[in-house]
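[1] starting from these lines, generate the structure:
(2 chains)
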Protein chains: 2
Amino acid sequence: MKRIAFLVVAVAAVAGVVASMAPASGRADDEAVPIFGIKIPAGYRDWRMISVAHEEGNLHSFAAILGNDVAIKAYREGKLPYPDGSIIAALHYGHVPSEENDKVFGNPQSFVPGPPTNVQFMVKDSKKYASTGGWGFAHFNKDGKPGDEALLKTCSPCHAKASRDFVFTRYAP
Amino acid sequence: MKRIAFLVVAVAAVAGVVASMAPASGRADDEAVPIFGIKIPAGYRDWRMISVAHEEGNLHSFAAILGNDVAIKAYREGKLPYPDGSIIAALHYGHVPSEENDKVFGNPQSFVPGPPTNVQFMVKDSKKYASTGGWGFAHFNKDGKPGDEALLKTCSPCHAKASRDFVFTRYAP
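    Purely as a prediction, here's the structure:
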């Protein structure tokens, strides 16, 4: 399981270094991911923040986790399971030192997002995605290209281990 | 300068451990900070995300940096200096390991926001705050109590060292 759990983020981390993320508005011609048929949701970069995250090990990644209105409402009300229509977005970046900040602080202590690596989505539709806990999963590399079938098959078995309806991220007040 | 630069965040980190942050909507009876007279802006927790940050050294802090509409627009257009009306919020939390995630990953690698420690704001008003680079600064502990005068005096000298109009945080796409 350890290997599988790593795979999603590891592939993401390797996926690219140069920053040129899909635009905030999404694009009409985005390709859908296999298995779940999910495209990049329009306007996701404008969604409200659920929390932030930092993965070490081989990943050195930063994440901002955003939610659409349905997801944010469910989080704030502590509603489980998440209602249909909930979408959670994980925007991943490298976790890199900030030379500018460290110089001002006089200490190597500041870490900021490096170039974007990928963005991932969880989409709740309890009927459509009944066989994967009611959640559809999507992964897009920094250039907007969807993850492949092998990658997407790793999402649900790992998220099934989360204690709150397949969701690892808790709300940061 | 090193000491001064640390102070703002250090005080924040020490300020408290238990999570009970000011509600997302702000409160009408919030106290204003000294010097700059800024209260907690209503609804700041609904603002869009600018970026995330992580400070080590003695801090072990996570930050989510959010901006009001004026600030987000300026960031996305690369507009400098920031126009009057820009407000940037830094929501600070502890930077703590996630036992749940580490168990699933099989490796001690996951860090998530711990309890909130404080929230800080930069408010652009080039006339009102002319003597501090056009920015007013505010700090509120997790219980909504404003930082004191000594603390607030440290903000501007440190932010003056940032290369982009007193602002350290860059936009994460």
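
[2] what residues sit buried inside stretch A:155-164?
    Across stretch A:155-164, burial judged by 16 or more other CB atoms under 10 Å in any protein chain shown covers A:C155, A:S156, A:C158, A:H159. Bear in mind the C-beta positions are built from the backbone N, C-alpha and C, glycine included.

[3] try stretch A:66-75
    Applying 16+ other CB under 10 Å to stretch A:66-75 flags A:L66, A:G67, A:N68, A:V70, A:A71, A:I72, A:A74, A:Y75 as buried.

[4] out of these, which sit inside strands?
    Those of these mapping onto strands are A:L66, A:G67, per DSSP state E.

[5] show me the contacts for the spatially most central residue of chain A.
    When CA atoms, centre = their mean is applied to chain A, the residue found nearest the centroid is A:A90 (2.0 Å). By CB atoms under 8 Å, 6 or more residues apart in numbering or on different chains, A:A90 lies in contact with A:A53, A:A63, A:A64, A:I65, A:V119, A:Q120, A:F121, A:T169.

[6] for the closest residue in space to it that isn't next to it in sequence, give its distance to B:V123.
    Nearest non-adjacent residue to A:A90, counting by CB to CB, 6 or more residues apart in numbering or on different chains: A:Q120, 4.6 Å away. Going from A:Q120 to B:V123 by CB to CB, to the nearest Å gives 34 Å.

[7] send the alpha carbons of the strand ranked longest in chain A over as CSV?
    Longest strand in chain A, counting residues (DSSP E): strand A:110-124. C-alpha atoms of strand A:110-124 as CSV (Å, rounded to 0.1, in the frame of the first residue of the first chain):
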residue,chain,number,x,y,z
SER,A,110,11.4,30.0,4.7
PHE,A,111,9.7,27.7,2.3
VAL,A,112,7.4,28.7,-0.5
PRO,A,113,5.6,27.0,-3.4
GLY,A,114,7.9,26.3,-6.3
PRO,A,115,6.6,25.6,-9.8
PRO,A,116,3.2,23.9,-10.0
THR,A,117,3.5,20.2,-10.6
ASN,A,118,-0.1,19.1,-10.9
VAL,A,119,-3.7,19.6,-9.8
GLN,A,120,-6.0,16.9,-8.6
PHE,A,121,-9.7,16.8,-8.0
MET,A,122,-12.2,14.6,-6.0
VAL,A,123,-15.7,14.9,-7.3
LYS,A,124,-18.6,13.5,-5.2
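
[8] sorry, back to before: can I get the buried residues of stretch A:155-164 in CSV with secondary structure and distance to chain B?
    Shown next, in CSV, are those (DSSP: H, G, I helix; E, B strand; the rest coil; distance: CB to the nearest CB, whole Å):
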residue, secondary structure, distance to chain B
A:C155, helix, 13
A:S156, helix, 13
A:C158, helix, 7
A:H159, helix, 9
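
[9] farthest pair within these?
    Maximum pairwise distance among the buried residues of stretch A:155-164 (CB to CB): 7.3 Å, between A:S156 and A:C158.

[10] and the lowest mean pLDDT element among the helices and strands of chain A?
    Every helix and strand of chain A was ranked by mean pLDDT, DSSP states H and E. The lowest is helix A:2-15, at a mean of 39.

[11] follow-up on the earlier one: make a ChimeraX selection of whichever of the contacts of A:A90 turn out to be buried.
    To isolate the buried members of these in ChimeraX, using 16+ other CB under 10 Å:
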select /A:53,63,64,65,119,120,121,169
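
[12] most widely separated two among the contacts of A:A90?
    By the measure CB to CB, A:A53 and A:F121 form the most distant pair in these, at 15.2 Å.

[13] now name the helix or strand holding the closest residue to A:G147 other than its chain neighbours.
    Excluding the flanking residues, the one nearest A:G147 by CB to CB, 6+ apart is A:H139, at 3.4 Å. In the assignment (DSSP states H and E), A:H139 maps to strand A:135-141.

[14] residues contacting that strand, please?
    A:8, A:11-12, A:15-16, A:22, A:30, A:33, A:35-40, A:117-125, A:128-129, A:146-147, A:151-152, A:155-156, A:159, A:166.

[15] coming back round to it: from chain B, how far out is the residue nearest to the centre of chain A?
    Applying CB to the nearest CB, to the nearest Å, the value for A:A90 to chain B is 12 Å.

[16] contacts only, for the residue lying closest to A:S61 once chain neighbours are set aside.
    Spatial nearest neighbour of A:S61, excluding adjacent residues (CB to CB, 6+ apart): A:E55 at 4.7 Å. Going by CB under 8 Å, 6+ apart, A:E55 touches A:V9, A:S61, A:A63, A:H95, B:Q109, B:S110, B:F111.
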